[in-house]
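Engineer: Kindly generate the corresponding structure for this input.
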Amino acid sequence: MNELYENRELSWLRFNARVLEEAEDKRNPLCERLTFMSIYQTNLDEFFMVRVGSIHDQMLLEDNPKENKTQMTASEQLEAIRERVRELGVRKDESYAKLMREVEKKGIKIVNFADMNEMEGEYIHGFFDREILPLLSPFTISKKRPFPFIKNKEICATAVLETKGGKARFGIVPCNNGMFSRLIEIPGSSGKYMLAEEVILHYLPEVFTGYNITCKSLVRVTRNADIDADKVYDEELNYRDHMAEVIKLRRKLEPVRLEYTRDIDKKVIKSIAAFFKIDKEMIFHTTAPLDMSFMFDIQDMLRHEKDLFFEKRIPQKPACLDDTKPLIPQILEKDKLLSYPYENIRPFLDLLREAANDPDVVSIKMTLYRLAKHSQVVSALVEAAENGKEVDVLVELKARFDEENNIGWSRMLEDAGCHVIYGLDGLKVHSKLCLITMKKGRDVKYITQIGTGNYNEKTARLYTDLSLMTADQKIGAEAARVFHTLTIGEVMKRTEHLLVAPKCLQNKVIDKIAREIQIAQDGGEGYIGVKINSLTDKKIIDKLIEASEAGVQIEMVIRGICCLHPGIPGKTDNIKIVSIVGRFLEHSRIYIFGKGEREEMYIGSADFMTRNTVRRVEVATPIYDPDIRDRVRDMFNTQMNDNVKARVLRSDGTYKYVRHTKPAINAQEIFYEEAYKALED
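Structural biologist: Model (predicted):
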């Protein structure tokens, strides 16, 4: 295995371990640690649904293809994933137990039957008989009774049953049907709760009467959700209707993981694997609950204890804008940058509403990828269409797990008279691009918004993102060309200002790295600064290695996957990489090439992953305004110097907290303080 590279899947598991670290970190308030524990689990669920499912499909191919960096085959990757997940599973179980001991000190305890007295046990028994048993749908499996379909991530109580004649049966009871609360309070015992699935498991003898139960456990199945929507496309279907069918298909895909909670004989595990048609190596034991979503119920019970949560932070009004004046003239005068969640997304929403009602605005064009459930963005676009503006919207229906939401919004937009298109064949449109066109007489002007994150009011309070609003007419004209190519089903083949994947981003980034290599070889100071979520694109990785070998200084903030090992003598020892995992999800993308007068800076929607650089439509914009460039550079430098939430990636692929020196630099907290202070000033 080449020491310069890290496998993508194993790097992702290292990222999720950093999320688990946040659940363990006592510097974080207790209830926030519960959130990180839940995030760890939901992250892992999606990893199995998408990545493991995809690798499993690859393994079925006759040639068992190798991954292009570490040369691991699909089967080797699955073996390494299983081993790492089992290690993390033990750690997760221990961390959960410790967390719940701390929760108990706050007066809330999740109990089992061994923790209850006789009176409490009688209450739970009665509750089961009255409130739960009548609503259960148990199944026994035999030749005449085939195995029922178990929904993705559904918790089930299972049992090995034995008839009076000694015949073996398998019994299964779905536990989370939504008809009863998952947390069952025990009256008279303030703060004591039981999980409904544990109650059902305990009383299985009353469900499967007439059988002897020889073994029982709670189980949860995770299904493959990695569907290639284009491969299963039927040209006879409306594309939106086709995506609705894809969603239905996803719910039925084959299992890729099964978790269970009790010690079970290996023979029984083999039988369970056969019943679920799953490889026994993909069955994992856990002592923690199979679904951590009840953590949020615990948080609600403790909401009155403010010290158990992060200090309340409210996105501030941007100091660069005067909210008593119209926005369009302010942007025409000077570029504006919004930094979420430190600053509010409201000015952008106000810009859309203002454009919807401005008589000089003739059109609004926008790409939509993920939206809030009650989207003010859609409301503004509907208002614009109803006011007679031309509104062209590209809705990406292949935004994984948000397809259903996007289908609903696309229907609403169409009903309002917007022109809605659904992306390109074989390419996701992931760009965050909005173009407002104004016309007065013969004079045409553009206002362009280009961001790093989705047009989602909810995530704008949780994700760190940047949003540029500019009246630069060169950028606007090029953005207009982007929309023109999208509407005719093409992609940009040449750009002067914007970086636009799939044809004009990866190659331009590589060219800019090459320029820094030449500067260094000529005795100058080559520099590259990058902030992204993930780094997997081997062409870019190899060019960064070449740059490091040439003496180019490279600084990178990479939150998640990183397939490059820094610090290898003679190879990558000029590369420093840190990961920041903290209160907010680091999501902004920044690319910096060169220093001083020759510095070029971009923000955009693309990570340096092959799926972004050559398989999606992505847009990055140059930052031409010197004040905004200074601000973004300062933000980047602050993150590189974070010594509270930053971990440094070492040459062996492991991460270590930056050694804490005073003063403490927590980049996210500093940015919030700056937002508050800027408004005061």
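
Engineer: and Lys280, how far is that from Glu674?
Structural biologist: For Lys280, the distance to Glu674 (CB to CB, to the nearest Å) stands at 54 Å. For glycine as for every other residue, the C-beta is placed from the backbone atoms N, C-alpha and C.

Engineer: One more: Ala667?
Structural biologist: According to CB to CB, Ala667 and Glu674 sit 10 Å apart.

Engineer: what pLDDT, on average, does the helix or strand hosting Val557 get?
Structural biologist: Here Val557 sits within strand 553-558, counting by DSSP states H and E. Taken as a whole, strand 553-558 has a mean pLDDT of 98.

Engineer: helices and strands around it, which ones?
Structural biologist: Counting contacts by 3 or more CB pairs under 8 Å, 6 or more residues apart in numbering; DSSP states H and E, strand 553-558 packs against strand 527-532, helix 538-549, strand 575-580, helix 626-640.

Engineer: From the rest of the structure, what touches the third one?
Structural biologist: With CB atoms under 8 Å, 6 or more residues apart in numbering as the contact definition, strand 575-580 has outside contacts at 15, 18, 544, 548, 554-560, 562, 564, 566-567, 586, 639-640, 642, 645-649, 655, 658, 667-668.

Engineer: Pairing partners for that strand, with directions?
Structural biologist: Applying DSSP bridges to the sheet, strand 575-580 is found paired with strand 553-558 (parallel), strand 646-649 (antiparallel).

Engineer: Would you list the buried entries among the contacts of strand 575-580?
Structural biologist: Among these, those classed as buried by 16 or more other CB atoms under 10 Å are 15, 18, 544, 548, 554-560, 562, 564, 566-567, 586, 639-640, 642, 645-649, 655, 658, 667-668.

Engineer: what residue ranges in this protein score low on pLDDT?
Structural biologist: Filtered on pLDDT under 70, the chain yields the residue ranges 1, 60-64, 143-144, 189, 226-252, 397-406, 681.

Engineer: In it, which strand is the longest?
Structural biologist: Ordering each strand of the chain by length in residues (DSSP state E) puts strand 212-223 first.

Engineer: Show me which positions of that strand end up buried.
Structural biologist: Those would be Cys215, Lys216, Ser217, Leu218, Val219, Arg220, Val221, Thr222, Arg223, for strand 212-223 by 16+ other CB under 10 Å.

Engineer: swap in stretch 429-442?
Structural biologist: For stretch 429-442, a neighbour-count test (16+ other CB under 10 Å) marks Val429, His430, Ser431, Lys432, Leu433, Cys434, Leu435, Ile436, Thr437, Met438 as buried.

Engineer: Could I get those in JSON lines, plus columns for distance to Asp522 and secondary structure?
Structural biologist: Shown next, in JSON lines, are the buried residues of stretch 429-442 (distance: CB to CB, whole Å; DSSP: H, G, I helix; E, B strand; the rest coil):
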{"residue": "Val429", "distance to Asp522": "40", "secondary structure": "strand"}
{"residue": "His430", "distance to Asp522": "37", "secondary structure": "coil"}
{"residue": "Ser431", "distance to Asp522": "35", "secondary structure": "coil"}
{"residue": "Lys432", "distance to Asp522": "37", "secondary structure": "coil"}
{"residue": "Leu433", "distance to Asp522": "37", "secondary structure": "strand"}
{"residue": "Cys434", "distance to Asp522": "41", "secondary structure": "strand"}
{"residue": "Leu435", "distance to Asp522": "40", "secondary structure": "strand"}
{"residue": "Ile436", "distance to Asp522": "43", "secondary structure": "strand"}
{"residue": "Thr437", "distance to Asp522": "44", "secondary structure": "strand"}
{"residue": "Met438", "distance to Asp522": "45", "secondary structure": "strand"}
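
Engineer: Any chance of those in a markdown table with distance to Ile519 as columns?
Structural biologist: Below are these laid out as a markdown table (distance: CB to CB, whole Å):
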| residue | distance to Ile519 |
| --- | --- |
| Val429 | 35 |
| His430 | 31 |
| Ser431 | 30 |
| Lys432 | 31 |
| Leu433 | 31 |
| Cys434 | 35 |
| Leu435 | 35 |
| Ile436 | 38 |
| Thr437 | 39 |
| Met438 | 41 |
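
Engineer: returning to that earlier point: between Lys280 and Glu674, tell me which one has more neighbours.
Structural biologist: Using other CB atoms under 10 Å, the more surrounded residue of Lys280 and Glu674 is Glu674, with 19 against 14.

Engineer: Phi and psi next, for the more buried one.
Structural biologist: Per-residue torsions, Glu674: phi -60, psi -40 (degrees, to the nearest 10).

Engineer: I'd say it and Ser339 touch.
Structural biologist: No. Between Glu674 and Ser339 there is no contact under CB atoms under 8 Å: 9.1 Å.

Engineer: Tell me which residue is most central in this structure.
Structural biologist: In the chain, the residue lying closest to the centroid (CA atoms, centre = their mean) is Asn43, at 7.6 Å.

Engineer: Now that residue: which helix or strand?
Structural biologist: helix 30-46.

Engineer: Compute the inter-axis angle for that helix and strand 212-223.
Structural biologist: Here helix 30-46 points in a direction 80 degrees away from that of strand 212-223 (axes from the mean of the first three to the mean of the last three CA atoms, to 10 degrees).

Engineer: which of the residues in helix 30-46 are buried?
Structural biologist: For helix 30-46, using 16+ other CB under 10 Å, the buried residues are 30-41, 43-45.

Engineer: next one: stretch 305-318
Structural biologist: Leu308, Phe309, Arg313, Pro315, Gln316, Lys317, Pro318.

Engineer: Just put these in a markdown table and tack on secondary structure and distance to Val491.
Structural biologist: Converted to a markdown table, the buried residues of stretch 305-318 look like this (DSSP: H, G, I helix; E, B strand; the rest coil; distance: CB to CB, whole Å):
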| residue | secondary structure | distance to Val491 |
| --- | --- | --- |
| Leu308 | helix | 50 |
| Phe309 | coil | 46 |
| Arg313 | coil | 40 |
| Pro315 | coil | 35 |
| Gln316 | strand | 38 |
| Lys317 | coil | 38 |
| Pro318 | coil | 33 |
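
Engineer: and of these, the nearest to Ile407?
Structural biologist: Closest approach between these and Ile407, by CB to CB: Pro315, at 29.2 Å.

Engineer: correct me, but the closest one touches Pro347?
Structural biologist: No. At 10.6 Å, Pro315 does not count as touching Pro347 under the criterion of CB under 8 Å.

Engineer: Overlap of the contact sets of these two?
Structural biologist: The overlap between the contact sets of Pro315 and Pro347 (CB under 8 Å, 6+ apart) is empty.

Engineer: what is the orientation angle of the longest helix belonging to the chain with helix 30-46?
Structural biologist: Scanning the chain for the longest helix, with DSSP state H as the assignment, gives helix 74-105. With the same axes, to 10 degrees defining the directions, helix 74-105 sits at 160 degrees from helix 30-46.

Engineer: which of the residues in helix 74-105 are buried?
Structural biologist: Quick answer for helix 74-105 (16+ other CB under 10 Å): 74, 76-78, 80-82, 84-85, 88-89, 92, 95-96, 99-100, 103.

Engineer: Kindly report the same for stretch 279-299.
Structural biologist: Buried residues in stretch 279-299 (16+ other CB under 10 Å): 279, 282-286, 288-292, 294-295, 298-299.

Engineer: I'd like the list of the residues you listed that fall within strands, please.
Structural biologist: Among these, DSSP E puts Ile283, Phe284, His285 in strands.

Engineer: nearest to Asn176, of those?
Structural biologist: Phe284 (19.0 Å).
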